[in-house]
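Trainee: Sequence and predicted structure below; questions after.
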Amino acid sequence: MSDQKTKSLTNPNDFKAEDTAKDFWSKYSKTILYVSSAIVLILGGWLGYNQFILEPKQKKANDAISRAQAYFAKDSLNLALNGDGSSAGFIKIIKNYSGTDAANLAHYYAGAIYLRQEKFADAIKHLEEFSTKATQVQSTAWRMLGDAYMSTGKKDQGASYYLKAANLNDKDEYISSENLYLAAMAYLSDAKNKEAVEALKTIKEKYPKSEKAANVEKYLAKLGVIEND
């Protein structure tokens, strides 16, 4: 996979979510695989129906998604998404194993792939179907949703998802500051300066040592916000 260099966001009007999405993919595609794969291992504890119907279905779904994940890890995205003729891809797993953890996770992978392919409506559809209690994975899904909505021109929704990603686990300095910065840039590109200032101030106050904090003062000054420390 070719490396993508992040464009400098010196002008918020130049902000393009597809650029951040590609940069995000180049950095985190393997993390998406390794972190999210753990979700598949979580099975319910019900008896009766769970034991004789759902658990066998879960096992088949887990076996199926492992093959799709292998293609994903090799960056064979079309095979991961649609299968190879003998093994199912994420789309078929969603259809055939609805209600399983694997089908839920397949939505996540499918959304990530569609975002990479710049099929933003499909990315949104699948990422909005995904949910997990694993905060790092969920914040990643919301970050991708932010990118997808920004790429369709829905800047307010994009900023909203960036904020959700930032606030989900605000003790994670890197992830939260990155997403707050994206939210600020999204608001600036939408001429919502008040909301942008709030996001920038949060970075300054909560994550002063983060990489993004270095740009905060510049933007606050441009917005006419001058604070005495």
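Mentor: Right, received. Where do you want to start? Numbers count the residues shown, from 1 in each chain.
Trainee: Wait, residue 188 touches residue 196, no?
Mentor: Yes - Residue 188 is within contact range of residue 196, at 4.7 Å (criterion: CB atoms under 8 Å). From N, CA and C alone the C-beta is placed, and that goes for glycine too.
Trainee: how about the helices in the protein?
Mentor: For the chain, the helices defined by DSSP state H cover 17-37, 49, 55-73, 77-82, 90-96, 101-116, 120-129, 135-151, 155-168, 173-189, 193-206, 213-222.
Trainee: mean pLDDT lowest for which of these?
Mentor: Among the helices of the chain, helix 49 has the lowest mean pLDDT, at a mean of 40.
Trainee: ok, the residue lying closest to residue 207 once chain neighbours are set aside to residue 158 distance?
Mentor: Counting by CB to CB, 6 or more residues apart in numbering, residue 177 is the residue found nearest to residue 207 once chain neighbours are left out, at 4.1 Å. For residue 177, the distance to residue 158 equals 18 Å [CB to CB, to the nearest Å].
Trainee: between these two, which one's more packed in?
Mentor: Shown here are residue 177 and residue 158; by other CB atoms under 10 Å, residue 158 has more neighbours (27 against 24).
Trainee: What residues does that one make contact with?
Mentor: Residues in contact with residue 158, defined by CB atoms under 8 Å, 6 or more residues apart in numbering, are 17, 145, 146, 147, 148, 149, 150, 186.
Trainee: Quickly note the distance from the closest residue to residue 211 other than its chain neighbours to residue 117.
Mentor: Distance criterion CB to CB, 6+ apart; nearest residue to residue 211, sequence neighbours excluded, is residue 177 at 7.2 Å. Residue 177 sits 28 Å away from residue 117, taking CB to CB as the criterion.
Trainee: CA-only coordinates of stretch 122-137 in PDB, if you can.
Mentor: C-alpha atoms of stretch 122-137 as PDB (Å, rounded to 0.1, in the frame of the first residue of the first chain):
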ATOM      1  CA  ASP A 122     -22.100   2.700   1.400                       C
ATOM      2  CA  ALA A 123     -19.500   3.400   4.100                       C
ATOM      3  CA  ILE A 124     -22.000   5.400   6.100                       C
ATOM      4  CA  LYS A 125     -24.600   2.700   5.800                       C
ATOM      5  CA  HIS A 126     -22.400   0.000   7.200                       C
ATOM      6  CA  LEU A 127     -20.600   2.000   9.800                       C
ATOM      7  CA  GLU A 128     -23.900   3.200  11.300                       C
ATOM      8  CA  GLU A 129     -25.000  -0.400  11.700                       C
ATOM      9  CA  PHE A 130     -21.900  -1.200  13.700                       C
ATOM     10  CA  SER A 131     -21.700  -0.800  17.500                       C
ATOM     11  CA  THR A 132     -19.400  -2.100  20.200                       C
ATOM     12  CA  LYS A 133     -18.500  -1.500  23.900                       C
ATOM     13  CA  ALA A 134     -14.800  -1.500  22.900                       C
ATOM     14  CA  THR A 135     -14.200   2.200  23.000                       C
ATOM     15  CA  GLN A 136     -11.100   2.300  20.800                       C
ATOM     16  CA  VAL A 137     -12.900   0.400  18.100                       C
END
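Trainee: contacting residues around that stretch?
Mentor: Contact with stretch 122-137 is made by 35-36, 38-39, 94, 104-105, 107-108, 110-112, 114-115, 138, 141, 144-145, 148-149, 152, 168-169, 172, 175, as judged by CB under 8 Å, 6+ apart.
Trainee: for stretch 87-104, same thing?
Mentor: Outside stretch 87-104, the residues that touch it by CB under 8 Å, 6+ apart are 39-40, 42-43, 54, 57-58, 60-62, 64-65, 67-68, 71, 79-83, 106-107, 109-110, 113, 126, 129-132.
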